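Novice: Sharing a model prediction with you, sequence too.
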Amino acid sequence: MRRDITLSAFCRRPAFKQGSKNVVGRRRPTTGATPVQSQVSRGEGTCENTARRYTEHQINCCSRVSVGRAAVVVTDARPRRQRRGFAPASRDQGPESAGTRRNAVAAAESARTRDRSRTEQDKMSRNRNRGDITMRIAIAGATGNIGSRTVAVLEQAGHEVVRISRSLGVDLITGNGLDAALTGVEAVLDATSYEAADREDAVASFGASTRNLLAAERRAGVRHHVLLSIVGIDRIEGGNAHYAGKREQERLVAEGPVPWTIVPVTQFHDFAATVTDWTEHDGVAEIPPLLVQPIAPDDVAGILAEITTSAPQGRYRDVAGPEPQDLVDMARRSNDARGHAVKLVPTWASLLGPEMAGDVLLPGDGARIAATTFDQWLTHAH
Ligand SMILES: NC(=O)c1ccc[n+]([C@@H]2O[C@H](COP(=O)([O-])OP(=O)(O)OC[C@H]3O[C@@H](n4cnc5c(N)ncnc54)[C@H](OP(=O)(O)O)[C@@H]3O)[C@@H](O)[C@H]2O)c1
């Protein structure tokens, strides 16, 4: 018989009904993140035009972006005042052509401005491809397992990251703080997760947060929404509450107003330890014998950082680790590695049912396979 608990099955923390005694909750360590930073520091000072769209911002006022500096190089060899039409090209040309000359100079200047703008855009796209351009990116769920790692990858690459989570003062379900957080943001990664009492609750939480986020993104002019999702949820009829919430999230993103990429990812390497913690009671943990192809959280973060700084791609191919694993075996090895003594009972009667059996959670054809094996991760993680 299924226990009287409803878990957000692929969320790191349990979602349980009030009074449930057979779930051991696990809080994440805090990451030491600072409150939402809506101010943009641009190296040589704080820019006054932070509300502008980033591209325009780079062209018009961002002193740190080399593209902006390169773009002011003018190939016209005449003196600067003359180029701008403040001085006649030559006294010899006489007064009769002053107006004509002014018009001609203005037309030439306008053409140069157009060329300059085109050159800047070309350079920007070239530099963006080389990773030279920094972007202002918001991470929703920035204190979470994947969100915090993605923040670190993006910041290391020089991007400005706005951190979004309730503990940092922004709540996606109520919408509090969201508009201020998205000021000047170009791309958003949604790596949030919600505890839910049941399927209806999960759909309501994922639905409300996604609607609020997309509406705020549209107001802010965000150009790319990236959603971290789960491989196989579209292949499962029914399934658990968390999957129902994630499917609702995917539907809203795909039908929403902001260009998007949905990234389906398999279970993380720490998933078996998490399931142990969710179900452990009196030294016994019930583990569903799932077939999974787990992926290292750091590999997920690296791939998400890459996708978030690229153009929208629609539904991305499945993303997975290199080897299939049995979840019970993973749990045993994870618990051994972390020195956690617990008896494991393989069963489909705990939090995940037989609808998850077979290869339903495995990646499809053409999947993107990350490098880190479960064994390598175990060695490094403990
Ligand atoms: N675990 C897996 O194996 C797996 C596999 C594939 C995909 N996924 C998906 O990956 C996503 C992220 O998982 P995770 O394990 O990294 O999650 P997590 O560690 O539980 O982090 C959840 C994040 O969401 C934030 N959050 C929760 N409620 C919020 C609200 N109302 N407003 C703003 N922020 C809120 C949390 O911060 P606060 O608490 O401070 O608000 C936290 O930063 C999930 O959607 C999950 O479905 C998981």
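Specialist: Great, that's in hand.

Novice: just the helices in the stretch 251-382 of the chain please.
Specialist: 271-279, 297-308, 327-337, 374-381 (DSSP state H, counting those that start in this stretch).

Novice: Would you mind finding the most buried of these?
Specialist: helix 271-279 (a mean of 25; mean count of other CB atoms under 10 Å). Heads up, the C-betas are built off the backbone N, CA and C, glycines and all.

Novice: and that helix with helix 374-381, angle?
Specialist: Counting by axes from the mean of the first three to the mean of the last three CA atoms, to 10 degrees, helix 271-279 lies at 70 degrees to helix 374-381.

Novice: Wasn't Ser222 part of a helix?
Specialist: Ser isn't right for residue 222; it's Val. No - secondary structure assignment (DSSP: H, G, I helix; E, B strand; the rest coil) places Val222 in coil, not in a helix.

Novice: Would you check that it makes contact with Gly184?
Specialist: No - with contact defined as CB atoms under 8 Å, Val222 does not reach Gly184; the gap is 9.7 Å.

Novice: So for stretch 138-145, first residue to last residue, what's the gap.
Specialist: 16 Å (CA to CA, to the nearest Å).

Novice: Wondering if that stretch reaches the ligand at all.
Specialist: Yes - Stretch 138-145 is in contact with the ligand by CB under 6 Å from any ligand atom, via 140-145.

Novice: Buried subset of those residues, written for ChimeraX?
Specialist: If you want just the buried ones from these in ChimeraX, going by 16 or more other CB atoms under 10 Å, the selection is:
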select :140,141,142,143,144,145
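
Novice: what's the closest of the residues of stretch 138-145 next to the ligand to the ligand?
Specialist: Distance to the ligand, by CB to the nearest ligand atom, is smallest for Gly144 among the residues of stretch 138-145 next to the ligand, at 2.2 Å.

Novice: wait, isn't the closest one in contact with Tyr194?
Specialist: No - the criterion here is CB under 8 Å, and Gly144 misses it with Tyr194 at 10.9 Å.

Novice: rewinding a little: among the helices of the stretch 251-382 of the chain, which is nearest Gln156?
Specialist: helix 297-308 (9.0 Å; CB to CB).

Novice: Not counting its own residues, what contacts stretch 208-219?
Specialist: 140, 172-175, 178-179, 182, 185, 188, 190, 192, 194, 225, 248-249, 252-253, 256-258 (CB atoms under 8 Å, 6 or more residues apart in numbering).

Novice: Now with 6 Å, please.
Specialist: 172-173, 175, 178-179, 182, 188, 225, 249, 252, 256-258 (CB atoms under 6 Å, 6 or more residues apart in numbering).

Novice: Filter those down to the ones in strands?
Specialist: The strands, defined by DSSP state E, take in 188, 225 from these.

Novice: and the contacts of stretch 208-219 near the ligand, which?
Specialist: Contacts with the ligand within those, counted by CB under 6 Å from any ligand atom: 172-173.

Novice: Most widely separated two among the contacts of stretch 208-219?
Specialist: The two members of the contacts of stretch 208-219 with the most space between them (CB to CB) are Asp179 and Gln249, at 20.6 Å.

Novice: Which residue of these two possesses the greater neighbour count?
Specialist: Higher neighbour count among Asp179 and Gln249: Gln249, with 27 against 14, using other CB atoms under 10 Å.

Novice: what's the closest non-adjacent residue to the more buried one?
Specialist: In space, and not counting its chain neighbours, Gln249 is closest to Phe206: 4.3 Å by CB to CB, 6 or more residues apart in numbering.

Novice: now swap in Leu178 and tell me
Specialist: Leu178 sits nearest to Ala216 (CB to CB, 6+ apart), 4.3 Å away.
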